[in-house]
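Asker: Okay, sequence plus prediction incoming.
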Amino acid sequence: MDVAADLRRMFEAAVAAASPSLCIPPALPAPPSGRTVVVGAGKAAAAMARAVEDHWDGPLEGLVVTRYGHAVPTRRIRVVEAAHPVPDQAGQRAAEAIMALVRGLGPDDLVLCLISGGGSALLTLPAPGIILEEKRAVTTALLRSGASIYDMNCVRKHLSAVKGGHLAAAAAPARVVTLAISDVAGDDPSVIASGPTTPDPTTLAEARAVLAHHGIPLPALLQGPLAKETPKPGDAAFGRASFHLVATPRQSLEAAAATAIAAGYTPLMLGDALEGEAREMAKMMSGIARFIRHQHQPLSPPVVILSGGEATVTLKGKGRGGPNAEFALALAIALKGENGIHALACDTDGIDGSEDNAGAIIAPDTLARAAALGLDPKALLSDNDSYGFFSALGDAVKTGPTLTNVNDFRAIAIP
């Protein structure tokens, strides 16, 4: 077996299963009698917009915002690029333009909203009482804290004039149809891109508690009289709004499992919703892999352990690297060169954190090759420098933007 090649093929299958060109066309609604306005945000938004254009029969207009480097050519829907994961003025201007597009529509009009992971940062419109620089500071602090995506988006929604259902409220009485590619554990519509078209079950009190828990100063907006709750379940604003998942982490894991079976492995699915610190997750999975290799339980090799979800990193060092590369480095350390265990950990959007790699791949000789280069894996992990480690080894996986996003993908092979 060429285990490294097998792992890469599994990852490629997972990404392909969430391609907008495949998952958008079957989900398109019928054209309305009035106008069709397409809006959206996320790392897959431009590719989703192009898929709509390629399969839409009738007039079409709109604007979507995606991450820098993720745009694709479109004919009728304007594509704007903005910053991720910390928002910038380009994202704010795009959000202002999107809100202007959906206001004033009538009941015969359709708003087709295209949402994917990354939309929380890309679709940024500060609520009255806070400015962009304050939102940037809060976002940066949350990213460094290791907060979960649920907690981060709870705060973001309460600092926003577009997230947390505000976009749907602005579009009423038009019909709003949201097509979403999920990048969150459990596929919660209110969490994907911070739910701009869905009711928000979280509260101001929860947002304040998240910031307090992580020791982040409370913005003035959340303390004063301008603080407002987001639209809640049952609000009339959502009376003509519907939400449809077109691609999920589970579907991508199932595609990877089919590829694994074809290559001669038995897949062991740990689920699509694993969350937690990347290095702690790695320790747990190293134990499972070793148990399979030595005890042949719960399955006998060749086995591949598949999982998805979102690993997090609490930044304490000054190095570079995202949660997938950090997971891979921590896993290599935990395995201590164990023979017969290989692994790949990558973000399905092709960008691990803010670097140019999707993640990394490890093999039984990873630590030995690192030692020959004079690398100290534990010191680099302590400095959160997984990118430096795998770049030096030539084991960083670089795909470029995949134009989709169903979150982390992890595969551990025991041939």
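Answerer: Perfect, thanks for sending it. Numbers count the residues shown, from 1 in each chain.
Asker: Hmm, D349 is touching H84, no?
Answerer: No. D349 is beyond contact range of H84, at 9.6 Å (criterion: Cβ atoms under 8 Å). All C-beta spots, glycine's among them, are computed from the backbone N, C-alpha and C.
Asker: can you list residues touching both of those two?
Answerer: Counting by Cβ atoms under 8 Å, 6 or more residues apart in numbering, the common neighbours of D349 and H84 are 43, 118.
Asker: any idea of the mean pLDDT for the helix or strand hosting R8?
Answerer: Under the criterion DSSP states H and E, the helix or strand holding R8 is helix 3-17. Helix 3-17 comes out with an average pLDDT of 98.
Asker: ok, then the element right after it?
Answerer: Following helix 3-17 in sequence order, the next helix or strand is helix 20-23 (DSSP H and E).
Asker: Can you give me the buried ones in that next one?
Answerer: Neighbour-count burial for helix 20-23 flags 20, 23 (criterion: 16 or more other Cβ atoms under 10 Å).
Asker: And the next helix or strand past that helix?
Answerer: Next element after helix 20-23 (DSSP H and E): strand 36-41.
Asker: Let me see the contact set for the residue lying closest to L299 once chain neighbours are set aside.
Answerer: In this structure, L299 finds its nearest non-sequential neighbour in T266, 5.3 Å apart by Cβ to Cβ, 6 or more residues apart in numbering. Applying Cβ under 8 Å, 6+ apart, we find T266 in contact with 260, 299-300, 302-304.
Asker: now do D383
Answerer: By Cβ under 8 Å, 6+ apart, the residues touching D383 are 317-319.
Asker: any idea how far R156 is from it?
Answerer: Using Cβ to Cβ, to the nearest Å, D383 is found at 29 Å from R156.
Asker: Now do the helices in the stretch 201-350 of the chain.
Answerer: Under the criterion DSSP state H, counting those that start in this stretch, the stretch 201-350 of the chain contains helices at 204-213, 249-262, 278-295, 323-335.
Asker: Dump the first one to PDB, restricted to CA.
Answerer: Pointing back at helix 204-213 there. Coordinates of each C-alpha in helix 204-213 appear next as PDB, following Å, rounded to 0.1, in the frame of the first residue of the first chain:
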ATOM      1  CA  LEU A 204     -27.000  38.900  25.200                       C
ATOM      2  CA  ALA A 205     -26.300  37.300  28.600                       C
ATOM      3  CA  GLU A 206     -24.600  34.300  26.900                       C
ATOM      4  CA  ALA A 207     -22.400  36.600  24.800                       C
ATOM      5  CA  ARG A 208     -21.400  38.500  27.800                       C
ATOM      6  CA  ALA A 209     -20.600  35.300  29.700                       C
ATOM      7  CA  VAL A 210     -18.400  34.000  26.800                       C
ATOM      8  CA  LEU A 211     -16.300  37.100  26.900                       C
ATOM      9  CA  ALA A 212     -16.000  37.000  30.700                       C
ATOM     10  CA  HIS A 213     -15.000  33.300  30.600                       C
END
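Asker: other SSEs contacting that helix?
Answerer: helix 149-157 (3 or more Cβ pairs under 8 Å, 6 or more residues apart in numbering; DSSP states H and E).
Asker: quick one: R103 and A172 touch, right?
Answerer: No. Using Cβ under 8 Å, R103 makes no contact with A172, being 9.7 Å away.
Asker: I'd say A171 and L105 touch.
Answerer: Yes. Here A171 reaches L105: they are 6.1 Å apart, a contact under Cβ under 8 Å.
Asker: Can you check which residues contact both of these two?
Answerer: Contact criterion Cβ under 8 Å, 6+ apart; residues shared by A171 and L105: V111.
Asker: More neighbours: which of these two?
Answerer: The neighbour count for A171 versus L105, taken as other Cβ atoms under 10 Å, is higher for A171 (28 against 20).
Asker: Now that one. Its backbone dihedrals?
Answerer: Backbone torsions of A171, given as degrees, to the nearest 10, read phi -80, psi -20.
Asker: Also R369?
Answerer: Dihedral pair for R369: phi -70, psi -30, per degrees, to the nearest 10.
Asker: V155 contacts A209, correct?
Answerer: No. Using Cβ under 8 Å, V155 is not in contact with A209; the gap is 9.8 Å.
Asker: Which one of the helices of the stretch 201-350 of the chain lies nearest to L123?
Answerer: helix 204-213 (17.8 Å; Cβ to Cβ).
Asker: got the angle for that closest one vs helix 149-157?
Answerer: If you take axes from the mean of the first three to the mean of the last three Cα atoms, to 10 degrees, helix 204-213 sits at 120 degrees to helix 149-157.
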